[in-house]
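A.B. asks: can't give you the sequence, but here's the structure:
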């Protein structure tokens, strides 16, 4: 006899609902907190040093929530099997939430327990998506399980430094996490960008080139690996340029000028453009022409931030039975998230004297973008599908 789930609510019906909701909420709260910590208005005895906390939470908090929502939903589509029950999904969401809260209670909770709670999320997520993949012999998509475990290793390197087990492994861990998330985006882009383009533009065929697909991802991984190994100079610059050219050729085959009439498409292509800019800046940073911090934020605020917002907007519409059309408010949010990246990446590089001002403006624009997302999408994520179908 099957027991009725305790968390038998639409918000826990499918992974995208729970984790896109948490991602949208965290995008607001984490940046609001960081603003106050950065300018000294908020003093906390955090488990993480403040700069580590910001990087960790935006990557292993916000971005990981988006990844969890996408993969838990996509794996069900790929395999035809449920990845979680509503109760398991609620428990996984609660674990993610504890990972965000416990670092603020480092005086009350042992550091080892804080680290264990935060670290446990990614291995559990990897286990949940691996079960249906293995059961259906869907070995091709086990690459995402490997990527999740690499992210867990990066998270572990950060925690080991904080716990005093290792020296100077924190930024290596963060760099590994950035590398894996961007690699995951590039792999998924090859699958979904052409498909979304053809679905969104009638009569248009996106050109897929396997050589450019392989080269784009491979050169990107090598360039990230060189950053991880702290390699600079001609080698890093050369590989970054190759990654830029291969990915530019790749995306050019999918591109059609008609995308600019469809916000759900142009937001994704603009996100990819930020990644291309990131490779260009990485080549320049190899010689110290631009700062590595601005380069990193081209990949994160620009690439990861813009693409995750666009993906959440589209996936949530499709899996809630709604028409694949962005509202005016969400189109504005797409513009705002790109402006936030502009103020965080380009203006500090061009006018470094106004660095703190640009960061503050960028954060406010980011908050406006995600306020619109949360306002529009929290009802979509927390109510049943409009077509009466499960999920």
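C.D. replies: Done, it's in. Just so you know, these numbers come straight off a predicted model, no measurement behind them.
A.B. asks: so where's the stretch 251-391 of the chain shaky on pLDDT?
C.D. replies: The stretch 251-391 of the chain contains no residues with pLDDT under 70.
A.B. asks: let's see 80
C.D. replies: Along the stretch 251-391 of the chain, the model assigns pLDDT under 80 to residues 391.
A.B. asks: ranges for the helices of it?
C.D. replies: 263-285, 292-297, 306-319, 328-341, 347-350, 355-382 (DSSP state H, counting those that start in this stretch).
A.B. asks: OK, contacts around the residue positioned nearest the centre of the chain?
C.D. replies: The centre of the chain sits closest to residue 63, judged by C-alpha atoms, centre = their mean, with a distance of 3.3 Å. The contact partners of residue 63, by C-beta atoms under 8 Å, 6 or more residues apart in numbering, come to 23, 181, 304, 308. The C-beta positions use only the backbone N, C-alpha and C, and glycine is treated the same way.
A.B. asks: cool, residue 361 as well?
C.D. replies: Per C-beta under 8 Å, 6+ apart, neighbours of residue 361: residue 343.
A.B. asks: now residue 209: phi and psi?
C.D. replies: phi -120, psi 110 (degrees, to the nearest 10).
A.B. asks: count the residues that sit near the closest residue to it other than its chain neighbours.
C.D. replies: Excluding the flanking residues, the one nearest residue 209 by C-beta to C-beta, 6 or more residues apart in numbering is residue 253, at 5.4 Å. By the measure other C-beta atoms under 10 Å, the count of residues near residue 253 is 15.
A.B. asks: before we move on, the earlier item: the residue nearest to the centre of the chain and residue 265, how far apart?
C.D. replies: To residue 265, residue 63 is 21 Å away according to C-beta to C-beta, to the nearest Å.
A.B. asks: residue 337 now?
C.D. replies: 15 Å.
A.B. asks: more neighbours, the two?
C.D. replies: Counted by other C-beta under 10 Å, residue 337 and residue 265 do not tie: residue 337 has more neighbours, with 29 against 25.
A.B. asks: grab the nearest non-local neighbour of residue 199.
C.D. replies: residue 324 (7.3 Å).
A.B. asks: which residues touch residue 141?
C.D. replies: 75, 78, 133.
A.B. asks: next one: the helix or strand the last one falls within to chain centre, how far?
C.D. replies: When secondary structure is defined by DSSP states H and E, residue 133 falls within helix 111-135. Mean-position distance between helix 111-135 and its chain equals 17 Å (C-alpha atoms, centre = their mean, to the nearest Å).
A.B. asks: much appreciated, bye for now.
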